[in-house]
Structures are given as C-alpha cells and as structure tokens.
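J.: need coordinates for the following:
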Amino acid sequence: MYERKTMPDLNCGLDLVGEVLYGKWKIRLLWFINEGFQRPSELQRKIPGASRRVLNMQLKELESHELVGKIIYPVVPPKVEYYLTDFGKSLIPVISTIGQWGDLHDQRLRTLIEKNIQS
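T.: Reported below is the predicted structural model:
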C-alpha cells in the first residue's frame, strides 16, 4: 500500500476538504452512491474510465474518512454494497453546487481545458 513521505498541511478547511476528497473519482463515487448505485460493479459501469483497483482504493479511503459505509453480505460469491453515511450525505449539496457551477461555465471550462492540453 502507498505510504506517504510527507505529512499533508491541514491548516484550514480547504486543506482538510482537499485531503478527504483528493482523488480523481471520489466526488463522482459519492455522487453515484447517493444516486443509488451501490455495488462495485455498478460504480464501475458508471465510471468506465477508472480501473476497478483504483475505484476500490478510493472507496476504501472514503470509508476510512467515514463518508461511506460498506455492507458485506454473507453469500457466495460475496456481495458488497456501499452507502453514504450521514457525514457523507452532508457533502452532497456541496457537490451539487460544484456541478451546477461546472454546468454554468461548461463551454468556457472546456475551451480552457482543451487549450491547456494542447500547450
């Protein structure tokens, strides 16, 4: 498992949020779990660009930060479902607002991102 070489700065709320939500797929995982996609295979289908390994790592981190919980059903093969904790649910309005901002500035952001990719 990855081991940090330096401790993160946790001097303000933005540092704390960045530490908890840093990861390419974490915000989308939280959103999709909120939308009712709870099984790892469902989440994989919703985020096809992510490998199963990376999704599992990020789900584990979200679980360790108490944003999601996991239910393991005692069946063969094992069945796992994720759910948002109350703490995780408190992030959904923030994620929704960020998504709305992205939709509002969609074209400008796309142009800027494409410009930076080409540079």
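
J.: distance from the chain centre to the helix or strand harbouring Gly18, please.
T.: For Gly18, the element it lies in under DSSP states H and E is helix 13-21. Its chain's average C-alpha position is 13 Å from that of helix 13-21, according to CA atoms, centre = their mean, to the nearest Å.

J.: tell me the predicted confidence for the residue nearest to Gly88 when sequence neighbours are not counted.
T.: Closest residue to Gly88 apart from its sequence neighbours, by CB to CB, 6 or more residues apart in numbering: Leu67 at 3.7 Å. Backbone N, C-alpha and C define where each C-beta goes, glycine included. pLDDT for Leu67: 98.

J.: coming back round to it: what helices or strands is the helix holding Gly18 leaning on?
T.: Packing contacts for helix 13-21, counted by 3 or more CB pairs under 8 Å, 6 or more residues apart in numbering; DSSP states H and E, involve no helix or strand.

J.: let's go with 10 Å and repeat that
T.: helix 26-34, helix 52-64, helix 92-104 (3 or more CB pairs under 10 Å, 6 or more residues apart in numbering; DSSP states H and E).

J.: for Thr85, which of those is the nearest?
T.: Of all those, it is helix 52-64 that lies closest to Thr85, at 9.1 Å by CB to CB.

J.: in the following helix or strand past that closest one, which residues are buried?
T.: Downstream of helix 52-64, the next assigned helix or strand under DSSP H and E is strand 68-73. Using 16 or more other CB atoms under 10 Å as the test for burial, strand 68-73 gives Val68, Gly69.

J.: likewise for stretch 55-70?
T.: Leu55, Gln58, Leu59, Glu61, Leu62, Leu67, Val68, Gly69.

J.: Leu10 in helix, strand or coil?
T.: coil (DSSP: H, G, I helix; E, B strand; the rest coil).

J.: can I assume Phe37 sits in a helix?
T.: No - Phe37: not assigned to a helix; according to three-state DSSP it is coil.
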